[in-house]
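**Q** just to be clear, the model below is a prediction. Sequence and coordinates:
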Amino acid sequence: MRRLAGAGTATLAAPTAAAAQNTAAPPTARRLPARGEFVIRNAYVLTMDATLGDVPGGDIHVRNGEIVAVGRDLRAPVATPIDGRTAIVMPGFIDTHWHMWTTFLRCMAGDRTNDGYFPVTTVYGQLMDPEDMYRSTRLAAAEAIYSGTTTVNDECHNVRSFAHAAADISALREIGVRGRWSFGAYRGIPAGQARDMGIVRKLHDEWAKHSGDGLIHLAVTAGGAGTAANPLPPDRLELAKKEFAVARELGLPITTHLSAKENTPPGWVEASQQAGFLGNDVLLIHVLSASPEEMKILASTGTHVSVSPGSELRIGYGLTKATAFMDAGVNVAVSVDTAPLTGNCHMFGILKLLRNAENAKAFDEFKLSARKALEMGTIQGARALGIDDRVGSLTPGKRADLIMIATNALNIGPFTDPTHMVVEAVEPANVSMVVVDGRILKRDGKMVACAPDRIIADARAARDAVARRGNLRRI
Ligand SMILES: [Zn+2]
């Protein structure tokens, strides 16, 4: 018998967030809500911590951004109480690969060769100025918070200048999402041309100005491996080696898109190993062509893998191999990728697609459990980004990145199995509260630290202005 079934709608007490009114203010001038002290009481707590497990009817005490305690009937006399009855509380989701600057092109990957994902993002991307980057990425960051994703890996692969990079990062900082910002190439870069690695060096040198008090960390998206030819062309291999060398000199983690299509011949992982491109500091994206032998190489080198079934299925890369990677011992995380292909960008939909595709492929109802899917979207994502000492589970001592799901809704109730409910039934609108680093950014289902209408309007205006500049088709 579950204690949470059937009670009234959760009411959340004592807002600490001041609702911001003016999104026209400079990004750095906006102030995020203060970190307070609160205790959520009587929730079904999915800690995603292997030792703590689930705590039905549990409390979670947060003070100054840190999880102080998780358990039943916690003593927290000065903490503001928040009613968790009927609610599931769990760690915020962790995205591990998202081209956030593409978000104002949502649903614009068309149905013909010349207006598919790559041509559309390239045509628009080449015309985007720093303000466009900021507005599109801010829309993505706000959608992340709205949808219960508290950490993103913003794979910025349209860094046309230092100003483009700085503007893109400022959008993450303004919204208050935790994240990795990954320095990538830019749309339309001539094949074989080196990127200006001076941009990432400058960012690294002055990172304290960009990091949002350490909430965002810097990484490099190293190119070179690509997705088409095998083996690596020598010129691109040399470029990639230089990018890896700069990243490792600066101590920055690395992500690489590798052999996306399932029907690409294997060999890329082996080639990457020979080039020194694998390791615990590397997150590979897609890798759908990996053979069983290559999966073993990834496991033995500690290389992480990010799967994005929402985009991989939509663009025709093939079916996920997530469980095969995990069976081989690889840490597998989950990612959004890009809104032009996926439409929306929430983890509930992505995890549902992932689990269903895995089960369908295996002709097995039980191939990927709901709990394992949730681990992929939380603690395994944190591990892939190297931040599992801080987030990814509701463990005392970690930072308070958590979400609360109001389950007394027509698309969820009655309360049954919470892991199945989250993967199969929950939608972003059911996320009643989102906390990042102890700051309440969504409460009672409403965004409380940003103005969604303005964010959407600004993104639309920027997208339309880009289209006008390029005389492009507009919707
Ligand atoms: Zn990608």
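**A** Received it, and whenever you're ready, just let me know what you need. Numbering: from 1, shown residues only.

**Q** contact partners for residue 215?
**A** Contact analysis of residue 215 by Cβ atoms under 8 Å, 6 or more residues apart in numbering lists 173, 176-179, 436-437. For glycine as for every other residue, the C-beta is placed from the backbone atoms N, C-alpha and C.

**Q** out of the residues you listed, which are inside strands?
**A** 178-179, 436 (DSSP state E).

**Q** reformat the residues you listed as a markdown table; add neighbour count.
**A** Supplementary listing: these in a markdown table, determined by neighbours: other Cβ atoms under 10 Å:
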| residue | neighbour count |
| --- | --- |
| 178 | 26 |
| 179 | 30 |
| 436 | 31 |
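
**Q** and which of those is nearest residue 90?
**A** residue 436 (14.0 Å; Cβ to Cβ).

**Q** I'd like the contacts of residue 215 as CSV, with distance to residue 99 and pLDDT appended.
**A** Formatted as CSV, the entries for the contacts of residue 215 read as follows, by distance: Cβ to Cβ, whole Å; pLDDT from 0 to 100:
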residue, distance to residue 99, pLDDT
173, 18, 98
176, 20, 98
177, 15, 98
178, 18, 98
179, 13, 98
436, 21, 98
437, 24, 98
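
**Q** poorly predicted segments of the stretch 151-300 of the chain, please.
**A** 224-232 (pLDDT under 70).

**Q** returning to what we had before: which one of the contacts of residue 215 sits closest to residue 469?
**A** Taking Cβ to Cβ as the measure, residue 469 sits nearest to residue 173 out of the contacts of residue 215, at 26.9 Å.

**Q** what's around that closest one, how many residues?
**A** Using other Cβ atoms under 10 Å, the number of residues around residue 173 comes to 23.

**Q** that one is in contact with residue 207, isn't it?
**A** No. Residue 173 is beyond contact range of residue 207, at 11.9 Å (criterion: Cβ atoms under 8 Å).

**Q** got the ones in strands among the contacts of residue 215 as TSV, with distance to residue 107 columns?
**A** TSV is the format used below for the ones in strands among the contacts of residue 215 (distance: Cβ to Cβ, whole Å):
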residue	distance to residue 107
178	27
179	24
436	27
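
**Q** closest one to residue 147 out of those, please.
**A** Where these are concerned, and distances follow Cβ to Cβ, residue 147 has its nearest neighbour in residue 436, at 12.8 Å.

**Q** where do the strands sit along the stretch 201-350 of the chain?
**A** 216-221, 254-258, 282-286, 304-307, 332-334 (DSSP state E, counting those that start in this stretch).

**Q** any idea which of those strands gets closest to residue 53?
**A** Within the strands of the stretch 201-350 of the chain, the stretch nearest residue 53 is strand 332-334; the backing value is 21.5 Å (Cβ to Cβ).

**Q** going by contacts, tell me the helices and strands next to that closest one.
**A** Where contact means 3 or more Cβ pairs under 8 Å, 6 or more residues apart in numbering; DSSP states H and E, strand 332-334 is packed against strand 304-307, helix 322-327, helix 347-362, helix 370-377, helix 379-384.

**Q** strand partners of that strand, parallel vs antiparallel please.
**A** For strand 332-334, the paired strands and their directions (DSSP bridges) are strand 304-307 (parallel).

**Q** what mean pLDDT does the partner strand get?
**A** When pLDDT is averaged along strand 304-307, the result is 98.

**Q** check stretch 91-98 too.
**A** For stretch 91-98, the per-residue pLDDT values average out at 98.

**Q** start to end distance for it?
**A** For stretch 91-98, the first-to-last residue distance is 19 Å (Cα to Cα, to the nearest Å).

**Q** repeat that for stretch 40-56.
**A** Using Cα to Cα, the distance between the terminal residues of stretch 40-56 is 12 Å.

**Q** turn the strands of the stretch 201-350 of the chain into CSV, including mean neighbour count.
**A** Written out in CSV, the entries for those read as follows (neighbours: other Cβ under 10 Å):
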stretch, mean neighbour count
strand 216-221, 22
strand 254-258, 24
strand 282-286, 26
strand 304-307, 28
strand 332-334, 28
